[in-house]
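Trainee: Sequence first, predicted model second:
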Amino acid sequence: MSEKINATDGMLFYITSRIRPELAKRIRETNRLETVVIGLGGQGTKHAGLMHDYGSEVVAGVAPSKGGSRIHETIPVYNSVSECLEEHPNVVAASIWRHYSTAKDAAIEAIESGIPIIVLITEGIPLRDVRDILVAARKHNTVLIGGNTPGIIFPPERIKVGMLPDVFYPEETENGKPGAKGITIISRSGAILYHLSDAMASVGIAQNAVIGIGGDGAIGSVFTDLVPLAMGYENTDLVIVAGEIGGMQEELLAQHIKDNPALYTKPLVAMLSGAHAPEGKTMGHAGAIVTPGMETGTFKSKKAALESAGVTVVNSQFDLIDAVKEKLNNKTYFKPERYYEKMRQIWEAPPPKAGWGTMVTKVEPNNLVVRGYKLQQLVEHSNLIEVAHLIVTGELPDADTIKSLTKLAVDAAMKPLPDVYRNPNEDVSKTFEKYLINDEELATFNPDGKLAQSEKTIFCLGRVAAYLAKILGNDSILTEIKSDEPFSNVIYKVITGETKVDSAKARMLEAMIVASIDHGVTPPSAQATILVATVRPAYEVAVAHGVGAITDIHGGAGQKAAAFFTACAEFAKKENVSIEDATTAKMKEYIATGKRIEGMGHRVHTQDPRRDVLWQLVDKSGMAGDCIAISKIAGDIFESVRGMSLPINVDGVIGAIIADMGLDPKLAKALFIYGRVAGLSAHYFEEIATQARMRRINFAQAVYKGVGEREYPV
Amino acid sequence: MRLYENEAKKVFQTEGIEVPAQYGITCTADDIKLHADDFQFPIMIKSLVLVGGRGKAGGIKKADSADDASKLASEMLGLKIKGYPVEILMLENAVEEIGACYVGVTMNPANYNVIMMVSPSGGVDIEQVAKENPEAILKIELPNNDKELPDDIAAKFAEFLAKGIDGGEKHLDKLKNIIAKTFATFQKYDCKVAEINPLIITPDGPVAADAKMVLDDNALYRQSDILNILGIKETRHDVSEPTKNEVRAREGGFIYVDLLDEDFKKDPEKLYVGLVPGGAGYGIFSIDETANVGERFFDDRVVPVNFMDSGGGPKLKGVIEMFSLLMDYEIVDLIITSRFGGISSCDTFIRGLIECIRQRKKEGKRVLPVYGRMVGTDLPGARDFLENAKRETPDELKDMHIYVGNQIIMAEVIKEGIQKAFETKGWK
């Protein structure tokens, strides 16, 4: 049952509203009970995922020096609680998983930040430190649970803060939905808590909250704090406290009940354990001195104290069941079979499949979605700067950001070029790689701040424009660029070598670049970048590795496709036949001589989503010629010649456009690389922010975990 | 971790609190004669054991001469005080007493505040004073967890003492100084208890004649300086003589306590149940459950024999040893076991149990029936392993019955296990 009650109907909200009315008011509007995880070692990180899977809104993690990264690929991490609360001001609860030697500072920071409920998981914190934590908690009116607690769980809201397993069962109302009513269990021991809950569920008694108060020598909230709190919540019908020998909490509870009967308005059952335990040797008898005349710590003393305060005391599951049933007049909250069925499903479920997430691009057959937007829409509506910012940060930039990023890119293009030798026969990707590696301007541009990753990427795109100018022999144009012109103009100038910008052509060139921006983690170029990113090299090194993997086999087919379409068009002209006939003849010739026809077919798509938008744009621009026409019929002709379906792909379309624009076919690959630099940048930054160093990568296990598809804001 | 008196005194001395001249420790009476020339008689001979009440039990004596000392020492070395055998003695100068008082710091177990207490009734059982004459104790709580005692509070304590003890007024400043230092020592060394009882007023001023100090185990990691000074290399287990099962368990890396004496005579009419329960909390509760089920359904003929805490996530070897220990323990008739919760792995647990049974069968050792339930982490893998194992060696595992998942509550499992054991024995 993954349905839940309304967040503000549950006990967690009730507690929040008691101690932080202002926060409660804000939560009434958002209807979200946000939690954070402090301390992201193995346990903290693992349980952040389990809490999220259970249903908790884990909005952030906090770990010094890990700020800016993400856990489970989706949960942002901050260096400090205050940084975290700037972005997430409505946090109601934090769990702390730090080592016992640093838990104090973390706990006090969290308390002072004003988070109302702090769950201190850490075990074995020195008592002197615990006392400092308690001083802070009292001062800030914080509900501190623990240390050494398994945590707290609210089954009706499906929220847990801690490491409690999913074995607790809420009320089921008549319509099958969960309800908020039930009993509340408050326990000193974790394992006992599970057995109590199990006993209750076995007779259909629901738990609306289960609280492990912690087993260390000094803890935050104690029975006398929590029992009245739970009883004040309208949906709690009864409270079970699970006590044990040692300490004096049970005796203090008994005294508190006698002194404050008005606070104890609901039935209370105490499950004490240790009746048959041997008398252990205790450390001193401080209790006897501090509270003279009050015997404490033994089963006998606890039982006598509680019974004298009118509390039913039990010592076994059977007696507990009898006592609770009697006090609730045999009320049940669900059918026990439902509980057993749920437990069976949980325990028998196969272990979850290994997988890792990417939030950049969702790749499905015939559908490419970059950060939630269909790629064809981005090609149609956005320029390279906007899409590069989007793919790196996850959101489209606002007008001011576009302005500053554009200037950054244009200025970057004007900076001096590194001295790089280009062998005319070498793959253009290799030349780009050499530029990237040798460019000190790029290496030394290291902004900080929120836009740092976007700025680094955009700066790189400006540099790539300069490389491209040099490679194409248009570098003299670089001196003609003005600092305040649109970056689209710069792209046009470096590619064409013309100073006068033909805006239709410029638009077309940029569309092809944007269309090439990314294809998720499936292409070898992205994988190369990600793989080297696992050892945390400099940005330009990782991007250069990806670029180097773009060859004639991956990403470079456009150049050969352009040559093929040109050959078909020329053949039609020369032989004066229709383009259909010319294409058929050429294809037969290629096949007969064993030559590959490039730009056809795709590993994922049968209808490449980038294809139609490029065709539409080129048709609209008036530049479409024979090659475009051929590209549109090539798939069908291939099927008629070869008997198999191999539709045109994005490389093919780009090749055709380049050919019809009368540009150097080599540009097909260069434009592909240009766009892909932005995508590779996004994968680089994602890898370092979300994954462990030097991880082993199984690319087949990648899962898209990013935002759902959304409408482009036209 | 509780310190021996000589160690506690060393700590107080390090912090500038005066203690009687220390003549060292010894474990033979002959030593005393050998070094008697170095002592200034009278001297105190004190048994070093980690319990209170040594004086009453004859573990503290005053000696006026070397012969006297040697005789008292050899008597003392044979003593057992509350189960602790006396093996080491400490020797120190017996100071001249004008008056005596009590100074102590601890944590209030009710609200976890630091609490300091002083009393002019020194040298006697302070708990007794608290009960019979509470106004003879001044207690002040420090709710802000101060690391140094505020001066006005130190002064208040000192005046309270000075008024109540002979020779106190004369040494008001020294008393105040010692009170402040005792408090600071408590905080600095992460103590659970720091106590001087008695603090003796000598003609020259107050001297800590006896000292008690319990360090917080959780803070030992940051107290290595003082532990080095004291020469303490590993955490001291604060238990009286462990049984052989307890020693074996400690070597195996888990916590185990025998509930029956080592020379316990088995009642042939009763069923003795060994427990492998998981964590400490259920470790205590499962003892109760077993006894209660016995009372309720089996005429009180069921006896749980042990407490066990497997710790967070025991390794395979540890699990094998937990079951092996109980199967080697002659008194045990049946083992009840439970896995429930998030941290420990059902898979490791079931592999360990099955491996234990198979190993013992192969070696011709005794194998006991095991009844239990496993729920929690890695259950699917554990279930598959169990089913396979039962198919492969059905005979070896016929007396092992483990419920997979929480099909019935643990109390029912215990009841079923005992029922089965009763049937096997032909009992009703």
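Mentor: Noted; the coordinates are in hand.
Trainee: any weak-confidence spans in the stretch 251-400 of chain A?
Mentor: Applying pLDDT under 70 to the stretch 251-400 of chain A flags residues A:278-294.
Trainee: Repeat that for the stretch 301-428 of chain B.
Mentor: B:311-313, B:341-344.
Trainee: Quick check: the residue of it nearest chain A.
Mentor: residue B:411 (3.9 Å; CB to the nearest CB). The way it works is simple: take the backbone N, C-alpha and C, and place the C-beta from them, glycine included.
Trainee: The helix or strand hosting that residue packs against which elements?
Mentor: Using DSSP states H and E, the element containing residue B:411 is helix B:410-425. Applying 3 or more CB pairs under 8 Å, 6 or more residues apart in numbering or on different chains; DSSP states H and E, one finds that helix B:410-425 contacts helix A:190-201, helix A:317-327, strand B:271-276, helix B:280-297, strand B:334-339, strand B:370-374, strand B:400-404.
Trainee: Show me what it is in contact with.
Mentor: Contact partners of helix B:410-425, identified using CB atoms under 8 Å, 6 or more residues apart in numbering or on different chains, comprise A:195, A:198-199, A:316-318, B:271, B:273, B:286, B:289-290, B:292-294, B:297-298, B:302, B:333-334, B:336, B:338, B:340, B:369, B:371-373, B:401, B:403, B:428.
Trainee: again, only this time at 7 Å
Mentor: Residues from elsewhere that reach helix B:410-425, judged by CB atoms under 7 Å, 6 or more residues apart in numbering or on different chains: A:195, A:316-318, B:271, B:289-290, B:293-294, B:297-298, B:302, B:333-334, B:336, B:338, B:369, B:371-373, B:403.
Trainee: tell me the angle that helix makes with strand B:334-339.
Mentor: Interaxial angle of helix B:410-425 relative to strand B:334-339 (axes from the mean of the first three to the mean of the last three CA atoms, to 10 degrees): 160 degrees.
Trainee: lowest-confidence helix or strand of chain A?
Mentor: Taking mean pLDDT, DSSP states H and E as the measure, chain A has helix A:286-290 as its least confident helix or strand, at a mean of 44.
Trainee: domains for the chain, by residue range?
Mentor: Went with chain A since none was named. A:33-148, A:149-277+A:289-352, A:360-549+A:667-704, A:557-660 (automatic domain parsing).
Trainee: that's the other chain; I wanted chain B
Mentor: B:1-19+B:96-239, B:21-94, B:244-425.
Trainee: could those domains go into TSV alongside mean neighbour count and distance to residue A:310?
Mentor: Below are the domains of chain B laid out as TSV (neighbours: other CB atoms under 10 Å in any protein chain shown; distance: least, CB to CB, whole Å):
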stretch	mean neighbour count	distance to residue A:310
domain B:1-19+B:96-239	19	21
domain B:21-94	17	36
domain B:244-425	19	23
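Trainee: got a markdown table for these, with distance to residue A:627 too?
Mentor: Output for the domains of chain B, formatted as a markdown table (distance: least, CB to CB, whole Å):
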| stretch | distance to residue A:627 |
| --- | --- |
| domain B:1-19+B:96-239 | 74 |
| domain B:21-94 | 94 |
| domain B:244-425 | 58 |
